[in-house]
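Chemist: quick one, structure for this:
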Amino acid sequence: MSMLDDLIGNGRPVSHHGPWPRTVTDSSTWISAASRLSEGQLTMLGLWGERNAVHMSLLDEQAGKSAILSLQELRNGYPSIAQYHPPALRLERTLRDLTGLEPEGLPDNRPWIDHGRWDLQFPLGKRGVPAPAFSYAFLHADGENLHQIPVGPVHAGIIEPGHFRFMANGETVVRLEERLGYTHKGIESLMAGADLPRGIQLAGRTSGDSSVAYAYAFSRAAEAALGLEVPLRAVWLRALMAELERIANHLGDIGAICNDAAFALMLAHCGMLREQVLRAADAAFSHRLMRDRILPGGVAADLDGNGKAGLQALHAELSRKFPALVELYDNTASLQDRTVGAGTLHDGLARQYGAGGYIGRAAGRRFDTRRNLAYPPYDELTFDIPSLSDGDVNARIWIRIREVEQSLSLIEQILDQLPGGPVLSDVTPANDFREGVALVEGFRGDILAWLRLTPEGRIERCHLRDPSWFQWPLLEAAIKDNIVADFPLCNKSFNCSYSGHDL
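Modeler: Presented below is the predicted three-dimensional model:
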């Protein structure tokens, strides 16, 4: 029996379409789930709320099962998960900012995405409660010769805003605390009441470098809710776009990490290869980032003969040039001196936080949604999930390298096996309330999408969870005992999303 089965059995099932059951439960079962999370028996996939309800998605990794637990008809609050399971902390702080529901027993009562500047308190459900006077106090560290180093939120480059507060002893980092939420776009509020065409536009703009992955997850959730069957050719084209996006981002990251270690040559070469990927994507799907190409029901752009030939040429070019870059990285001693042993994340934390993508796999958590919770067409494709145990910057680079190689293999298989036929199905409302959920593997890791549709086919509620929710806190742990000068290198090796972390 799965660890989830008895939790689900203690509640009241909700009509939920797709493979994930949702159960309305009571506080005792809610706390029991928190206890199992704290013991490592389950993994948290997400935590979000509404005006009078909270929902938590859980994964039993051994059984390959997922489910959603819900507390409903809440008046003011609910038992905090974070008091048992620290990865829930920022999610519960955010949930309180958005809904006003109080996580009872929350270890940290500071706001998270509310910076005290919102015109409307509780965007997902104003309760008529006066807004408290805003203040934000960074955590304090005691000790001799400690000093604070504030960095951001405005940075010298073109990266998004985020504040980093270092406590340091000389050049050694004693503690890092992050302050995010500066890019608040109100995605979840904008979703409410939108139709599916507008919803998919918003989903694809949640985090710009993951346009494909977010649209992919949103579309699969909507299709699960509506019981919609996607044309087979569209299923394969979606995977093709996802692998192109993965390669482009990994190439950009490999070059940028090396550049932060003062090895600009890798940045130049990887940048040229990344540009070739983006141009090939534009030629094949009429957009460099393939934005708005994936829709509920299929895809908006088919792949013609010229586009396919361009992708085959790209595959040949990358297969020829990329191995030389791998050898360059591996044989540059001065570069290895900076990356090996820097920013080490231990496997226990990676597992506790359910860290996905290259961050988790570099620290021994060998989880990939394409394999562990396989969805078409990945259940018909051959590929490996690379993993290492070192957990340092070097390991995160090597995971990216191996994933580029695996994605190239997947692209070759998809192009060889691409079926014919239509690429888009008609989408019609179901005339009742429908819910759907999906988990899709983006380049950073697993992206969760959950939504509820009205009988008219509009979005009543949608939640999109970026992998960075469970990765940003781990950067704080990984940088400890490193020197301040290595923070840009470690930060880039994580490359968490600011925008995707801000709902």
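
Chemist: hang on, isn't residue 383 packed against residue 406?
Modeler: Yes: between residue 383 and residue 406 there is a contact at 4.9 Å, judged by Cβ atoms under 8 Å. Placement of C-beta: from N, CA and C, glycine included.

Chemist: where does this protein have low pLDDT?
Modeler: 1, 11, 15-19, 117-123, 125-135 (pLDDT under 70).

Chemist: how does it look with 80?
Modeler: In the prediction, the chain carries residues with pLDDT under 80 at positions 1-6, 8-20, 116-136, 141-142, 156-158.

Chemist: from the centre of it, point out the most distant residue.
Modeler: Relative to the centre of the chain, the most outlying C-alpha is that of residue 144, 38.7 Å out, by Cα atoms, centre = their mean.

Chemist: helix/strand/coil for that one?
Modeler: Here residue 144 is recorded as coil under DSSP: H, G, I helix; E, B strand; the rest coil.

Chemist: so where do the strands sit in the stretch 401-503 of the chain?
Modeler: Using DSSP state E, counting those that start in this stretch, the strands of the stretch 401-503 of the chain run over 434-441, 446-453, 459-465.

Chemist: take those strands and lay them out in JSON lines including distance to residue 139 and mean neighbour count.
Modeler: What follows is the strands of the stretch 401-503 of the chain, written out as JSON lines (distance: least, Cβ to Cβ, whole Å; neighbours: other Cβ atoms under 10 Å):
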{"stretch": "strand 434-441", "distance to residue 139": "33", "mean neighbour count": "25"}
{"stretch": "strand 446-453", "distance to residue 139": "29", "mean neighbour count": "26"}
{"stretch": "strand 459-465", "distance to residue 139": "25", "mean neighbour count": "22"}
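
Chemist: to residue 98, which of the ones you listed lies closest?
Modeler: Closest to residue 98 of the strands of the stretch 401-503 of the chain is strand 459-465 (Cβ to Cβ; 10.1 Å).

Chemist: quick one: distance of stretch 101-112 to the chain centre.
Modeler: 23 Å (Cα atoms, centre = their mean, to the nearest Å).

Chemist: which other residues reach that stretch?
Modeler: With contacts defined as Cβ atoms under 8 Å, 6 or more residues apart in numbering, stretch 101-112 is touched by 49, 52, 54, 74, 76-83, 86, 89-90, 92-97, 134, 136-137, 180-181.

Chemist: can you rerun that using 6 Å?
Modeler: 49, 74, 76-77, 79-80, 82-83, 89-90, 92-94, 97, 181 (Cβ atoms under 6 Å, 6 or more residues apart in numbering).

Chemist: highest neighbour count among those residues?
Modeler: Using other Cβ atoms under 10 Å as the neighbour criterion, residue 49 leads those with 28 neighbours.

Chemist: quick one, what contacts that one?
Modeler: Per Cβ under 6 Å, 6+ apart, neighbours of residue 49: 95, 99, 101.

Chemist: swap in residue 54?
Modeler: Neighbours of residue 54 in contact, by Cβ under 6 Å, 6+ apart: 71, 78.

Chemist: swap in 7 Å and give it another go.
Modeler: Counting by Cβ atoms under 7 Å, 6 or more residues apart in numbering, residue 54 makes contact with 70, 71, 74, 78, 95, 101.

Chemist: gap between it and residue 397?
Modeler: For residue 54, the distance to residue 397 (Cβ to Cβ, to the nearest Å) stands at 38 Å.

Chemist: about what we covered before: from residue 483, how far off is the residue farthest from the centre of the chain?
Modeler: Residue 144 is 19 Å from residue 483, by Cβ to Cβ.

Chemist: which residues in the stretch 101-250 of the chain form strands?
Modeler: Using DSSP E, counting those that start in this stretch, the strands found in the stretch 101-250 of the chain span residues 102-104, 146-151, 163-169, 172-179.

Chemist: format the ones you listed as TSV; extra columns: mean neighbour count and distance to residue 353.
Modeler: Putting those into TSV (neighbours: other Cβ atoms under 10 Å; distance: least, Cβ to Cβ, whole Å) gives the following:
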stretch	mean neighbour count	distance to residue 353
strand 102-104	18	18
strand 146-151	13	23
strand 163-169	18	19
strand 172-179	18	14
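
Chemist: out of the ones you listed, which comes closest to residue 452?
Modeler: Proximity to residue 452 (Cβ to Cβ) singles out strand 102-104 among the strands of the stretch 101-250 of the chain, at 22.1 Å.

Chemist: for the closest one, which strands pair with it and how are they oriented?
Modeler: strand 77-79 (parallel) (DSSP bridges).

Chemist: after the strand it pairs with, next one along is what?
Modeler: Once strand 77-79 ends, the next helix or strand along the chain (criterion: DSSP states H and E) is helix 89-99.

Chemist: can you pull out the residues in contact with that next one?
Modeler: Contacts to helix 89-99, defined as Cβ under 7 Å, 6+ apart, come from residues 47-51, 54, 80-82, 101-103, 106-108, 110-114, 122-125, 188, 469, 473, 503.

Chemist: where's residue 73 relative to residue 417, distance?
Modeler: Taken as Cβ to Cβ, the span from residue 73 to residue 417 is 49 Å.

Chemist: ok so, going back, with distance to residue 320 added, can I get the strands of the stretch 401-503 of the chain in a markdown table?
Modeler: As requested, these are arranged in a markdown table below (distance: least, Cβ to Cβ, whole Å):
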| stretch | distance to residue 320 |
| --- | --- |
| strand 434-441 | 27 |
| strand 446-453 | 32 |
| strand 459-465 | 37 |
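
Chemist: can you tell me which of those strands is nearest to residue 497?
Modeler: Of all the strands of the stretch 401-503 of the chain, it is strand 446-453 that lies closest to residue 497, at 10.1 Å by Cβ to Cβ.

Chemist: quick check: angle from the closest one to strand 434-441?
Modeler: 170 degrees (axes from the mean of the first three to the mean of the last three Cα atoms, to 10 degrees).

Chemist: got the angle between strand 446-453 and strand 459-465?
Modeler: 170 degrees.

Chemist: strand 446-453: how far from the chain's middle?
Modeler: 12 Å.

Chemist: helices of the stretch 1-150 of the chain, start to end?
Modeler: For the stretch 1-150 of the chain, the helices defined by DSSP state H, counting those that start in this stretch cover 5-9, 27-38, 89-99.

Chemist: just say which of these is most tucked in.
Modeler: Most buried of the helices of the stretch 1-150 of the chain by mean neighbour count (mean count of other Cβ atoms under 10 Å) is helix 89-99; its value is a mean of 23.
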